[in-house]
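Asker: I'll drop the sequence and a predicted model, then ask my questions.
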Amino acid sequence: MELKIPFKLRVKFLNLNDDHFEGKATFHENEYKVNIHAEVDKKKIKVPFPVMGVTDEEILVRISGPSGVYVQDYIPLSGKSEWIEIESDAIFYEVANNQGKFDTIEIFVK
């Protein structure tokens, strides 16, 4: 099943583990691992399911919480992975500065 953007995942938790965040998120009653890293070479996002109509384009990724805190970045969708992988300095450092305040990941077309 291919998904159409936009879509929203519910974050169960995000924990700091050495140099990245590991967590879990649910989407349509399925649970997925989430990894958030600072950029290594360049920004990128990978998801564990095919996405219709988006190939090597930047997409808007937003992580937000019930208190109104959020961070967003335009990140190229770069293939498929076993879990949700986000590499973005902006997202990584904002999640680090506001640990425990995020409960939603949203992905939009630019």
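Answerer: On my side now, so go ahead. Residues are numbered from 1 along each chain as shown.
Asker: Now find how far off-centre the one helix or strand Ile75 maps to is within its chain.
Answerer: Per DSSP states H and E: Ile75 is located in strand 70-80. Relative to its chain's centre, strand 70-80 lies at 7 Å (CA atoms, centre = their mean, to the nearest Å).
Asker: what about the residue lying closest to Pro66 once chain neighbours are set aside, how many neighbours?
Answerer: Leaving aside its chain neighbours, Pro66 sits nearest to Asp103 (6.1 Å; criterion: CB to CB, 6 or more residues apart in numbering). Where C-beta positions appear, they are placed from N, C-alpha and C, glycine not excepted. Per other CB atoms under 10 Å, the neighbour tally for Asp103 reads 17.
Asker: pLDDT score assigned to Thr55?
Answerer: Looking at Thr55, its pLDDT is 58.
Asker: and if you look at the one 10 residues further on?
Answerer: According to the model's per-residue confidence, Gly65 sits at a pLDDT of 96.
Asker: and it, what is it in contact with?
Answerer: Contact analysis of Gly65 by CB atoms under 8 Å, 6 or more residues apart in numbering lists 98, 101-104.
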